Each structure stands twice: as structure tokens, then as C-alpha cells.
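J.: pasting a predicted model and its sequence here:
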Amino acid sequence: MLRLGALGLILALFSACGGCDDKLGCVDKDRDGYGESCTRGPDCNDADPSLFDDCPVSPDQAVQPCEVNPLQPGCACDLGVPPRECYGADPLTRNRGNCRSGTMTCDNGLWGECEGAVLPEREVCDDLDNNCDGRVDEGLRSACGTCDLSCQQDASGPSYGDSFTPPEEGSALSVDEDGALRLDVRNIRFDHIWIANSGENTVSKLSTETGLEVGRYRMPDGCGDPSRTTVDIEGNVWVGCRQGGSIVKIAAAERVCVDTNGDGNIQTSRDENQNGRIEGAELLARNTDECVLMRVSIGGSVARAAAVDANGNVWAGSWDQSNYTLVHGETGEILARVEAGGNPYGAAMFGKTLYSSNRGGSTLARIDVATRQRTGLWQVPGCASLYGIAVDRYGHVWLGNYSCNDVLRFDPQTETWARFSVGRGLSRGMAANADGQVFVAVDGTNQVYKFDAADGQVLGVYDVGQSGVIGIALDDEDFVWTVARNGQKASKLTADGVVIGHYPVGNAPYTYSDMTGQALRTFAAPIGIYRTAYQSGCKYETGWGPIDIEAETPEGTAIEVRLTVADAADRLMSGQAITYGPWRQDPQSDEFPANPGEIERHAHAMLEVHFISESRETSPRLTGLQIQHNCIE
């Protein structure tokens, strides 16, 4: 028995050694021949037979003794146990960001390797949390929030932590108490009046500040005998041609003009000698002035009435066709035609409504601008000889009544008419201001009558001091301007009739429409424009965009943004700049953020923001404006 016991002890020791030599006391748990007191030497990982003298030292890979953590590769497991979750890194990063637990399977009584686990890695800019710390691309993104470190973001407005800079004097915008930009029609300032000289087939542009003529433009082929002028929401003018049945658009600013001959300069009429008159070579030959942008035929042979709507499109009345043609203000495309119910002679906008004074037929027509349908037609009772037209702040329609020695006022709400005498004179042009006053140019007596729009009371009668006073308009400072056909002068008066001056124009001036755009901006399309310029600082080329805004656009309002680029800052407002857009936000649509796409890669850019409203009471509100740019090598 003693002999058998000794043999059993020897077998037991050999089994415990599992491959070690005959040295007694060898402890080799993973049976790789290495272990405590084993001849081959110690085992740095007695839980993994593949490791014995070169164990990893990284904390993420370090293993603990199986007695401490039995759920790790190489540790003993019971046959048939299900796979277990495993993770070989800081437990706080497990299942966070990119990191995921893996699984290990019991195989032949030992746990296998952890498979499928995703452990923390060095953070890279790829929109992922690579190091599993709960943050994405920390410290690796540009100011634009992108992985392109050359990208910069220029942002302004209270949405980005600062107030907008107050606009320059004369803007239709103001900064509210929160630092946001909003429309304020009390600030609107356009400083030109456009007078058609029918006797010489030209149009004069006068400064309403000085009265001096700063430009005169010959009408192009296909346009003769110009008369009505109507100013759009950017100050450009459309001219009705009483010969040729067409309308002509002239740019107010040279940056809008087109360098058609490609010489890098804008050829246009200017007062080069600064004498306040356009003379000699200052008046360019027909079809050569690059600020005369386009001529659009509306059909027929006589274009008379004209008015611009809040969308910037022009309604041109054809006398011989008895209709209106709607023309796109930017492209000149014909959009619609609407029957006028008579021969149009004058037109006026009020919100989304066009009123037409139909001298032929003695009717007043109402057209819905949105639906492009005529919604009313009224016959003038009694003596009728219709001429100019205006709409007052109450929505009353005022009509010059040439040979009847009075003016007419129509109330669309009650569909009633009223008449107010102008003495022995012949009423022609009409104009109304936001204060509820109506001004009438009276031919024959060469006077201006001022009426109270509410009750028709005469507030004043003023002598102009010129012969043939037919046209009248108001400027943005509430000065009154008249056009004297016989005297070939434009006259400027205060609202109380004090004559400021008389200023020469061309031969036989004949205009009694919205020559300054004051009526459009007051009663139809209040608008303001905000411009801000940027310089990229890039050594080679610059990519601009996207563009984004933070804005509120209540019903009846909109914000439009245009991007202009140029190779020098002083060219951003010139004809050599290139403009993209517009992109629009209104209650029905939102085109932001806007990506300009493939554009010229110039280093200088300008954002131009248009604030648009259908009424004086409602305004869009801009709280943030930003554009991104990146340098392109």
C-alpha cells in the first residue's frame, strides 16, 4: 500500500505540472510548461498558454489573475455555458460613441478571445466619437463646424451674440431693442425722379436732393414718344412707349448695368462736367447706353399706364388692346395678360391690388395682382375725362378728371363716388402721402391742389410758377415735384407749397405717374436693403457658401438674399461684379441654408438682404446672417 500511495502522489504531481519536467512543486495552471517553481521558468500569464515570457503591459490589454477575474480569455469555464459579454478597455467608454462590447465563447473549458469589441481610438475628424468620451471631433473642427480647417464663418446678429450695425441714413431698416434688423418705412430714401421727355425720345434722371440732372437716356429702337415712368423696388425705372407698344427698363445704379461691349467699363450717361445738365456727348447715342437694360414688347402700338407690384413685376397697360400685360421685372418674360375693361391711361398699386384709370370708356378697373384677375369695373357717373390716378392711405382711389374742372374720389368699400372742384383748372397728375393728403397737378392754372384724403377738404392751393403743369410726384422727404410740359422744367415744392426751385429737363416732358417710386414703397411694397461685405484673405481662390439666416417672416413678408463676388472690394457695387440668387424665406417657403454652387472664386463678397412687406404695419425681422468660406489652393 505504501508503494501504491507513492505512485499516486507522483501521478498527481505530474498532472498538476502538465508538461513541466521532473522538478517537484511546479505550478502550471495553463499547462504550457511554465509556472511557479517550474524548470522552464515562471509564467507571466498562467491563465493563457500562449503567453509566458512576453506579456502585454498596456493597461487596456493587461489581464488579471483568473481568481480575481475569471471572465477573461484563457480562464477556466464550464462546458456549455453561453457566450459572455466582454470589453477590454475603461468600462466608462463601453457602448459609448463608437465603442462596443464584444463576446467570448467557452471552448474546451477555457474562455476564448473577446471578439467583435470596438475599443477607443485616437480621435479623428469624421463625425464620429472615436475615443468614446461622449464628444465628436473635439478640437478638430473649423469655425464652420466642418473638417476643413481652412473654412471660416462670418456671422452677425443677435442669434450669434451681437447686434447688427445700424444701417446708414436713408435706409428703410432699423435695429430694434434686441439688435435685430427690421423694416421701417419711415426711413426709406430713394433720391431720384425719372421724367420722360416725349419731345426728344429721352428720359431724364434728376437728383431729388439737388434737383440737378445726373443722367439722360435715349430710348432704344422700337420705343418712341415715352410718357409714363414707374419705379421698381430697387429704384430702377420702367418707361411706357406710346409709339411701338413696348416698355423699357433703365438701371438706377451702375452696378446693375450690363457691360455689353465687354470693355470692362459701363458706358452710360453722366453729368461729366458737373453743371447739373446732360449736354452734348453726355447724352449717348441710341442703343449704346449700357444702363438701358431691356425693351419688352407688350403688343399693340401704344403703351400708356404702368405700375410695379410688390414682387417687382411691372403691369403695362396697352391703350389699343385694352389690357394689361404682366412682365417679369428681372427677365422681361411675359407672365400674364388681363383685360382692363377700357383703354388704360393711368395705373396705381395699393397692396395686392392694381387700379386702372381707363380714359377710353370712362371706367375704373380693379385687378387682383395675386390671382391676375379683374375683380371690379365701375363706370364713372357724369362728366368724365380721366387722367392720373393715386390711392390714399384709406384705400380711396383718386382720379384726375381733366376737362371737368374737378377730381374724382372712389371708395371701393361702399362703391360710391365724390367730386371735388379745382376751380377753373384741368386736373391731371395725382399723388398721395402716408399722412392722408392728396396732391393734384392742375393744368391751365399751373397750380397744385392739396386735399384732405378723408373728407376732400382743400388744404391748400399753390402756384408753381411754370406753364403746363401736368405731372406730380412725391419724394421720400415728402417734397412735391411737378412737371411742366411747356416750361420744360421740373419744380420742387414743400408740402405747404413753398417753391424750392425749378430744374431744366428735356424737350416736352410728359409724365404724371409714380416717377419716384414713393407710391409703390408707401402703399404697395415697402422694402429695405441691407448690405455687408466680406474679404476672405485667401492666398489663391475662395469658395463661398453656404449662406444661412435666422429670421421671422410673418404673413405678407419675405426676406431675399443675394450674393455678389468680385476680385476687389471697390468692384462689389460695379458692373464688373457677379451676383447670384436670390434665395427667399417667406411663410410658404424657406430656401436656407443656401448653397450657391459653382461660382466665381473671388476673394471679395457681399451679401445683399432684401426686406419685403406688403404693408406698412408688418415687417420681416432678421436676427442672424452668416456665410462660410474656405480657401482653395
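T.: Yep, that arrived.

J.: any low-confidence regions in the stretch 151-300 of the chain?
T.: Residue ranges of the stretch 151-300 of the chain with pLDDT under 70: 168-171, 185-189.

J.: same thing but at 50, please
T.: Across the stretch 151-300 of the chain, residues meeting the criterion (pLDDT under 50) sit at 170.

J.: the residue nearest to G400 when sequence neighbours are not counted: neighbouring residues, count only.
T.: With CB to CB, 6 or more residues apart in numbering as the criterion, G400 has its nearest non-adjacent residue at 3.4 Å, and that residue is Y387. C-betas here are computed from N, CA, C, even on glycine. Close neighbours of Y387, defined as other CB atoms under 10 Å, add up to 24.

J.: could you do A594 as well?
T.: Neighbour tally, A594, other CB under 10 Å: 21.

J.: tell me the spacing between the closest residue to it other than its chain neighbours and P344.
T.: Nearest residue to A594, sequence neighbours excluded (CB to CB, 6+ apart): W583, at 3.9 Å. Counting by CB to CB, to the nearest Å, the gap from W583 to P344 is 35 Å.

J.: neighbour-wise, which of those two wins?
T.: For W583 and P344, the more surrounded residue by other CB under 10 Å is P344, and the numbers stand at 34 against 22.

J.: before we move on, which element is that one in?
T.: In this assignment (DSSP states H and E), P344 forms part of strand 343-350.

J.: just the mean pLDDT for that strand, thanks.
T.: Here strand 343-350 scores 96 as its mean pLDDT.

J.: and it, what does it pack onto?
T.: Applying 3 or more CB pairs under 8 Å, 6 or more residues apart in numbering; DSSP states H and E, we find strand 343-350 packed against strand 303-308, strand 314-318, strand 323-327, strand 353-360, strand 386-391, strand 397-401.

J.: out of those strands, which is closest to G222?
T.: For G222, the closest of those is strand 303-308, at 11.0 Å, according to CB to CB.

J.: the helices and strands packed on strand 343-350: which one's closest to I549?
T.: Among the helices and strands packed on strand 343-350, if distance is taken as CB to CB, the winner is strand 303-308, at 25.4 Å.

J.: what residues does that closest one touch?
T.: For strand 303-308, contacts defined as CB atoms under 8 Å, 6 or more residues apart in numbering pick out 227-233, 238-242, 244-247, 314-319, 324, 329, 343-349, 354, 356-357, 513-514, 517, 520, 524-525.

J.: 6 Å instead, please
T.: 228, 230, 232, 238, 240-241, 245, 247, 314-319, 344-347, 349, 520 (CB atoms under 6 Å, 6 or more residues apart in numbering).

J.: so what pLDDT did P65 get?
T.: Looking at P65, its pLDDT is 81.

J.: skipping its backbone neighbours, what lies nearest it in space?
T.: A47 (6.9 Å).

J.: number of residues surrounding that neighbour?
T.: Using other CB under 10 Å, A47 has 22 neighbouring residues.

J.: now S159
T.: Other residues close to S159 by other CB under 10 Å number 18.

J.: with D478 instead?
T.: 13.

J.: which residues sit in contact with it?
T.: Residues near D478 by CB under 6 Å, 6+ apart: A495.

J.: need phi/psi at it.
T.: Dihedral angles of D478 (phi, psi; degrees, to the nearest 10) stand at phi 70, psi 20.

J.: quick one: pLDDT of it?
T.: Looking at D478, its pLDDT is 86.

J.: measure it to H502 for me?
T.: Taking CB to CB as the measure, D478 falls 19 Å from H502.

J.: quick check: the gap between the residue nearest to S301 when sequence neighbours are not counted and A551.
T.: Nearest residue to S301, sequence neighbours excluded (CB to CB, 6+ apart): G245, at 4.6 Å. Distance, G245 to A551, by CB to CB: 42 Å.
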